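1. What follows is a predicted structure for the sequence shown.
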Amino acid sequence: MDMTRLLRPLALLTATSLFLALTALLGERPVNAAAPPQVLLADYAARLDQTATLEVTHGRGLSGARRLLMRRTDSGWTLDERWDYPANDELVNETLLALADLKALEARTAQMDWHRSLGLVVPEDLGAAVRFRVSDGAGREMAALLLGKEQQSESEATQEVKNYGPELRQFYVRREDSTQSWLARGRLPRNPDIAAWIDPRLPRHDGDKLQELRFGSGDEAFSMQRVGGVWSMGGAQDWLERFNALRPDDVARAEAIDFATARPFTLIYEDGLSVTYENVGAATVIWSRMEARAATNATPEIRALAAQLNARFMGWALRFSAERTPLLLPAKRDFEG
């Protein structure tokens, strides 16, 4: 009997088994390098218009998990964890579109033991993954994806985490109901800060119609006027530019904050609209609440605008970092010189 002929298939089988074992150990599966990228969540992408909720859970290892739930309403998206305060519609819609557009480039490991090294362990198991869950109006899950590590340097990843509008990049992902992981390409945001997900807008009106700024009350009150486009105090324009760029860090119910010692400032417009901010500072944060008013001789349009602003902002307190103290709690000397 020719033993060589008998052993040759065994040797081939052994080599094949060794190759497959090494492939699993290295965390990759053979793929067709010429295969074009595929939409990873094709079923969800086909039903994108049925989306009703977006849940984003950030795994923080031993620190647990942070969950944010956004719901679609007739007036836009709201945030469950902040008493249904309006969410950042732009970021929510960017996220939903990014999930639909996510492309799978290469299959990677399906071994559960290797998921932690790729950042694909679920948040509840002390993992570092970011989980995105999307459901329709009936509560049926449309997509559930785990976002893992970036395929880039740590410094680049840290920089992009802070971005509200992420650039196209590559990262590891897997469906939550599957062990198969993928190297994917897309624009999924990773920002865990609540500031990114709440509506960043403040009451705004036509800046060209702004004619007076009033600060403080009682003996500490001071004001400045604009005549012919020029403010009576030199620092007013700089203050306005910084104020218009202001964005809140967080939000709370106004009744939960003690505004007894609040210091106000008011923006007064020539069309009869005025918006007052009451601000109270602590060691690390400043809380602010707003109220709009229309002058008795204001047009119906301005009275309607004041009512609209109050419906949107009254009852809420917005939080800002203590770095904003010179902006929200200014003294007269801040405008002089």
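-> Yep, that arrived. Numbering: from 1, shown residues only.

2. Can you list the low-confidence ranges for this protein?
-> Along the chain, segments meeting pLDDT under 70 span 1-35, 152-166, 337.

3. Tell me where the stretch 101-250 of the chain has helices.
-> 154-161, 194-197, 236-244 (DSSP state H, counting those that start in this stretch).

4. how does the protein divide up, domain by domain?
-> 28-197, 207-335 (automatic domain parsing).

5. Now render those domains as TSV, adding mean neighbour count.
-> Heads up, the C-betas are built off the backbone N, CA and C, glycines and all. Output for the domains of the chain, formatted as TSV (neighbours: other Cβ atoms under 10 Å):
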stretch	mean neighbour count
domain 28-197	17
domain 207-335	16
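
6. Tell me where the stretch 51-200 of the chain has strands.
-> Applying DSSP state E, counting those that start in this stretch to the stretch 51-200 of the chain gives strands spanning 51-59, 65-73, 76-79, 85-86, 103-107, 130-136, 141-150, 169-175, 181-186.

7. right, so of these, which gets closest to L40?
-> Proximity to L40 (Cβ to Cβ) singles out strand 103-107 among those, at 4.4 Å.

8. residues making contact with the helix or strand hosting E278?
-> Assigned by DSSP states H and E, E278 belongs to strand 273-281. Contacts with strand 273-281, where a contact means Cβ atoms under 8 Å, 6 or more residues apart in numbering, come from 203, 205, 209, 257-259, 261-268, 286-295, 298, 302, 305-306, 309, 322, 325, 328-329.

9. could you point out which element follows that strand?
-> Strand 273-281 is succeeded, C-terminally, by strand 285-294 (DSSP H and E).

10. Report the contact partners of D177.
-> If you count contacts by Cβ under 8 Å, 6+ apart, then D177 has A144 around it.

11. how close does it sit to R133?
-> As for D177, its distance to R133 is 11 Å (criterion: Cβ to Cβ, to the nearest Å).

12. just S181 next, same as before
-> From S181 to R133 the distance is 18 Å (Cβ to Cβ).

13. And for A331?
-> 48 Å.

14. Please apply the same query to I198.
-> 20 Å.

15. Check L147 too.
-> 12 Å.

16. cool, L62 as well?
-> Using Cβ to Cβ, L62 is found at 23 Å from R133.

17. likewise G272?
-> Taking Cβ to Cβ, one finds G272 at 47 Å from R133.

18. And for R312?
-> With Cβ to Cβ as the criterion, R312 and R133 are 28 Å apart.
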